[in-house]
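**Student:** Any chance you could fold what I've pasted below:
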Amino acid sequence: MEQGWAYSPSEAQARTGIARLGLTISDMTPYTGNEFIPAGTTLTRRIFTFPVNLRAGGITITESLFRPTIADGWNIIMSTNWDTWTAPAVKNLIQDCEITGEALTLQNRSQLLGVDGLADVIGCDIHHVGSGIGIRASSPTTYATYITSNVVRDLASYGDPAGSGNHCDAFTVREYVAGAGRHVYVRRNWFDCETANASGAMFLQAQDNIREVTFEYNLFDGGGWNFTLGNYGSTTYDNIYVNDNRFNPTGFGAAVRSGVAPDVWTNNYRLGSTAPNYAGNPVNI
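**Tutor:** Next comes the predicted model:
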């Protein structure tokens with residue numbers, strides 16, 4: 001998507017997912033395999049009508065449509081091994097895909113993440129789910145992870161967020177433990193959390209320590225707080241780098257933190273549609 005700070009919704013969507021390639025549902029072959037996809041599998045131009053788990057690792061899925069008609073409490077794409085709370089030893093890749101809960105009821109889709117767990121997610125259009133992309137259970141990997149050139153939009157809200165309703169995040173990190181070769185690069189995405197139950201476009205909520213995350217050239221948009229760095233008990237943040245992003249808050253504001261500041265916070269601005277480089281007023285945290 002290049003930097004994409006000020007694309008219109010239609011322009012951003014046209015630069016991601018299967019639409020970028022001129023593909024539609026009629027170009028997809030139904031996926032009829034197991035929900036636990038075997039290690040090392042490569043799939044392209046498939047339609048997935050039920051959630052899948054990539055915990056075996058080394059799986060590549062490109063130019064495909066994820067549109068479940070039944071979810072049964074699973075997120076749409078998962079990489080975590082829930083038995084051991086670990087990520088795949090070999091990295092997965094999800095690229096140029098459309099990921100949507102639009103075929104589900106509002107209540108069902110509101111409970112789902114589009115992508116849950118550690119994988120490269122590149123050039124995807126993620127919409128009509130409760131939250132977009134979530135990273136957690138990162139051990140014992142030794143690879144970097146890339147979340148780049150995606151659009152997360154049209155998130156689904158259901159019920160009262162202060163009660164039994166859902167909370168919506170376009171992108172969230174709940175745990176990312178540092179180690180050799182590990183880093184998350186979040187670049188050139190449009191995270192839009194314009195929805196009633198918005199927590200925000202980007203929510204670092206440390207359920208365990210979070211280390212080694214870079215945010216660059218993203219547009220954080222919508223309700224709640226655009227960028228939240230939360231502090232929860234004894235959990236900590238280190239080596240968090242936030243550079244040259246744009247913010248378009250329609251809720252509480254652009255950025256907030258309850259703990260330590262990011263290690264680097266530079267050249268972050270409110271979206272200025274007529275300003276050079278779309279850099280409006282500076283955003284501080």
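**Student:** Give me the three-state assignment for T141.
**Tutor:** Following DSSP: H, G, I helix; E, B strand; the rest coil, the label given to T141 is coil.
**Student:** In terms of pLDDT, where does it sit?
**Tutor:** On pLDDT, T141 comes in at 88.
**Student:** which residue sits closest to it, ignoring its sequence neighbours?
**Tutor:** A87 (5.0 Å; CB to CB, 6 or more residues apart in numbering). All C-beta spots, glycine's among them, are computed from the backbone N, C-alpha and C.
**Student:** Next, count neighbours for that neighbour.
**Tutor:** By the criterion of other CB atoms under 10 Å, A87 has 27 neighbours.
**Student:** in terms of contact, does it touch M78 like I think?
**Tutor:** No - using CB atoms under 8 Å, A87 is not in contact with M78, being 10.7 Å away.
**Student:** what's the overlap in contacts for the two?
**Tutor:** Common contacts of A87 and M78, defined by CB atoms under 8 Å, 6 or more residues apart in numbering, comprise G117.
**Student:** Flag the shaky bits of the stretch 1-150 of the chain, pLDDT-wise.
**Tutor:** Scanning the stretch 1-150 of the chain with the threshold set as pLDDT under 70 gives 1-4, 6.
**Student:** switch the cut-off to 50
**Tutor:** Scanning the stretch 1-150 of the chain for pLDDT under 50 picks out nothing.
**Student:** mind listing the strands for it?
**Tutor:** Per DSSP state E, counting those that start in this stretch, the stretch 1-150 of the chain carries strands over the ranges 29-30, 42-44, 46-48, 52-53, 60-62, 65-66, 77-78, 93-95, 98-100, 113-116, 120-122, 125-127, 131-135, 145-148.
**Student:** Reformat those strands as CSV; add mean neighbour count.
**Tutor:** Shown next, in CSV, are these (neighbours: other CB atoms under 10 Å):
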stretch, mean neighbour count
strand 29-30, 10
strand 42-44, 14
strand 46-48, 20
strand 52-53, 22
strand 60-62, 20
strand 65-66, 24
strand 77-78, 26
strand 93-95, 21
strand 98-100, 26
strand 113-116, 26
strand 120-122, 22
strand 125-127, 27
strand 131-135, 27
strand 145-148, 22
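**Student:** could you redo the ones you listed as JSON lines and give each row distance to S8?
**Tutor:** Formatted as JSON lines, the strands of the stretch 1-150 of the chain follow (distance: least, CB to CB, whole Å):
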{"stretch": "strand 29-30", "distance to S8": "32"}
{"stretch": "strand 42-44", "distance to S8": "29"}
{"stretch": "strand 46-48", "distance to S8": "27"}
{"stretch": "strand 52-53", "distance to S8": "32"}
{"stretch": "strand 60-62", "distance to S8": "26"}
{"stretch": "strand 65-66", "distance to S8": "23"}
{"stretch": "strand 77-78", "distance to S8": "27"}
{"stretch": "strand 93-95", "distance to S8": "23"}
{"stretch": "strand 98-100", "distance to S8": "18"}
{"stretch": "strand 113-116", "distance to S8": "22"}
{"stretch": "strand 120-122", "distance to S8": "22"}
{"stretch": "strand 125-127", "distance to S8": "14"}
{"stretch": "strand 131-135", "distance to S8": "19"}
{"stretch": "strand 145-148", "distance to S8": "20"}
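**Student:** Could you report the distance from N189 to S258?
**Tutor:** 24 Å (CB to CB, to the nearest Å).
**Student:** now H127
**Tutor:** 30 Å.
**Student:** do the same with E11
**Tutor:** Distance from E11 to S258, by CB to CB: 35 Å.
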